[in-house]
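Engineer: Everything below, folded, please.
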Amino acid sequence: MNDTLAMKAIDSLYESTSSSHMTGNITDSSMDNSRYPLDAIGRAMGLVVQSLLCLVCITGNFLVIRTVILIKSLRDDVSNILIASLAGIDMLVGVGVMPFGILYQVTGYWTIGRGACIGWVTLDVILCTASINNLTMIAVEKYINITKPLFPVSKRKMVTIYCLVIWATSITIGVVPLIVSWYPVFDEGKCHINLHLGYQLYATFIAFYLPLIIMLVVYGKILKISLSIAKDTAKQRPRVLPLEEVDSLVDDIEVQQPSNHKHSTALDNNLNVTSSAHRSSNSTTDTNFQPLCSEARGVHSNKKSIQTLGIIMGVFLVCWLPFFIYALVRTFCKEKCTIPQVATDILTWLGYLNSCINPLIYAHFYKKFGIPMKEMLCCRWKNVRASVRQQIYEEKFGN
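Structural biologist: The predicted model follows:
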């Protein structure tokens with residue numbers, strides 16, 4: 001009898017262990033496939049690429065902030081302070097948003113609870129909206145600076161107004177869903193933003209489409225004004241006869257020199273007059289050398305600013321427009337459309353990529369940022385101010 005009871009106990013233990021093992025396998029399998037299945041190589045490659053983007057985002061934006069802090073001439077310009085503000089926001093994206101996105105994508109499911117899910121999604125919405133709004137305020141500030149250079153508001157007040165607009169709008173979009181119970185979705189290892197139609201329309205319009213319209217209008221007006229200034233400058237610039245043209249003219253006259261002595265004497269007199277005029281022209285050119293160089297540098301700087309604005313706008317559109325188009329399609333489509341999870345992750349990280357590219361744009365197109373950032377990246381901290389002083393000197397007086 002004891003042997004029979006022992007056998008029954010062993011059988012029941014084996015059945016319970018087998019059933020729990022099977023349940024565990026089903027649970028693990030469902031969690032692994034809750035987003036999309038990736039093999040070990042795919043996850044490793046994703047981890048490496050996303051980690052590099054995160055590192056570039058944090059390092060690049062830190063260098064931008066440090067540059068503005070170190071260089072006094074940069075702090076005197078409201079645009080540069082807004083650039084530092086943008087870098088601070090983008091660096092927070094790299095510190096507080098991207099690492100959790102990496103964890104979520106590599107593991108295939110959300111592992112750290114509902115509270116962390118709500119905090120992560122809310123922070124993601126607030127920071128990405130703040131980054132977009134900051135780009136908008138940079139455009140608005142450039143337009144005001146061009147059209148109203150004597151705008152009767154102090155620099156401190158302007159920066160305060162810009163920052164209030166940026167953060168008030170961003171926090172409103174991030175916090176309103178929590179007030180009206182449009183919480184981020186946390187279900188069966190999934191964590192994503194609420195797809196309620198009202199919230200999606202409200203959030204996408206204020207976070208992206210309204211700033212996009214403002215930037216397009218403002219940058220369009222800046223482009224029009226800049227082209228008009230360049231055209232007027234080209235019309236007003238006096239034409240100085242180049243040395244090559246004078247020499248060519250003299251050579252032509254010498255080739256066509258007549259044999260008549262009177263004509264030859266007259267020609268010599270003409271050549272003397274031409275030579276005197278040329279010397280006078282050279283003297284005038286030497287006297288006006290600095291203004292002409294300053295004017296040329298101004299036109300070149302104006303052209304470069306237009307190109308930089310175009311690149312900033314183009315990168316912004318490439319990074320964020322696909323995601324927000326997808327957000328509206330997903331909201332209206334819901335269960336009718338089957339959108340692969342991998343597409344969602346690619347478009348999300350394309351938006352994060354904007355935070356990585358912004359400091360690279362400023363470093364490449366603005367020497368006042370690029371030179372100090374290069375020195376700091378090479379750990380030559382003592383040479384930063386000296387390099388900037390040399391660069392400012394070369395801008396004013398040439399090489």
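
Engineer: For Tyr326, which non-adjacent residue is spatially closest?
Structural biologist: Excluding the flanking residues, the one nearest Tyr326 by CB to CB, 6 or more residues apart in numbering is Leu347, at 5.2 Å. Heads up, the C-betas are built off the backbone N, CA and C, glycines and all.

Engineer: For the one you found, give its distance to Phe324.
Structural biologist: Separation of Leu347 from Phe324 (CB to CB, to the nearest Å): 9 Å.

Engineer: Show me where the stretch 151-300 of the chain has its helices.
Structural biologist: For the stretch 151-300 of the chain, the helices defined by DSSP state H, counting those that start in this stretch occupy 155-179, 197-204, 210-236, 243-255, 261-287, 289-333.

Engineer: least reliable of those helices going by mean pLDDT?
Structural biologist: Here the lowest mean pLDDT among the helices of the stretch 151-300 of the chain goes to helix 261-287, at a mean of 46.

Engineer: if you average pLDDT over stretch 384-392, what comes out?
Structural biologist: Stretch 384-392 comes out at a mean pLDDT of 71.

Engineer: List the buried residues in it.
Structural biologist: Within stretch 384-392, the residues that count as buried by 16 or more other CB atoms under 10 Å are Val384, Val388.

Engineer: Just the C-alpha atoms of it, please, in PDB.
Structural biologist: Coordinates of each C-alpha in stretch 384-392 appear next as PDB, following Å, rounded to 0.1, in the frame of the first residue of the first chain:
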ATOM      1  CA  VAL A 384      39.700  75.300 -27.000                       C
ATOM      2  CA  ARG A 385      39.700  79.100 -26.300                       C
ATOM      3  CA  ALA A 386      42.900  79.700 -28.300                       C
ATOM      4  CA  SER A 387      41.500  77.900 -31.300                       C
ATOM      5  CA  VAL A 388      38.300  79.900 -31.200                       C
ATOM      6  CA  ARG A 389      40.200  83.200 -30.900                       C
ATOM      7  CA  GLN A 390      42.300  82.300 -33.900                       C
ATOM      8  CA  GLN A 391      39.200  81.400 -35.900                       C
ATOM      9  CA  ILE A 392      37.500  84.800 -35.000                       C
END
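
Engineer: residues making contact with that stretch?
Structural biologist: Stretch 384-392 has contacts (CB atoms under 8 Å, 6 or more residues apart in numbering) with Thr67, Leu70, Ile71, Ser73, Lys367, Lys368, Ile371, Pro372, Glu375, Met376.

Engineer: Could you rerun that using 10 Å?
Structural biologist: Here stretch 384-392 makes contact (CB atoms under 10 Å, 6 or more residues apart in numbering) with 66-67, 70-74, 367-376, 380, 383.

Engineer: Using ChimeraX, make a named selection holding only the buried ones among these.
Structural biologist: Restricted to buried positions by 16+ other CB under 10 Å, the ChimeraX selection for those reads:
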select :66,67,70,71,74,367,368,369,370,371,372,373,374,375,376
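
Engineer: Now for Glu375: which residues touch it?
Structural biologist: Taking CB under 10 Å, 6+ apart as the criterion, Glu375 is in contact with Leu63, Thr67, Leu70, Trp381, Lys382, Asn383, Val384, Arg385, Ala386, Ser387, Val388.

Engineer: quick one: average confidence on stretch 68-85?
Structural biologist: The average of the pLDDT scores along stretch 68-85 is 88.

Engineer: meant to ask about stretch 40-52, not that
Structural biologist: In this model, stretch 40-52 has a mean pLDDT of 84.

Engineer: for Thr338, phi and psi?
Structural biologist: phi -100, psi 100 (degrees, to the nearest 10).

Engineer: Quick check: it vs Thr344, distance?
Structural biologist: Distance, Thr338 to Thr344, by CB to CB: 12 Å.

Engineer: Same question for Ser228.
Structural biologist: Distance of Ser228 to Thr344, given as CB to CB: 44 Å.

Engineer: what does Val388 give?
Structural biologist: Noted for Val388: a distance of 43 Å to Thr344, by CB to CB.

Engineer: ok, for Thr122, nearest residue in space, not its chain neighbours?
Structural biologist: Spatially, and ignoring its direct neighbours in sequence, Thr122 is nearest to Gly174 (5.0 Å; CB to CB, 6+ apart).

Engineer: so who does that neighbour touch?
Structural biologist: For Gly174, the contacting residues are Val121, Thr122, Leu123, Asp124, Val125, Ile126, Leu127, Cys128, Thr129, Ala130, Ala203, Ala207, by CB under 10 Å, 6+ apart.
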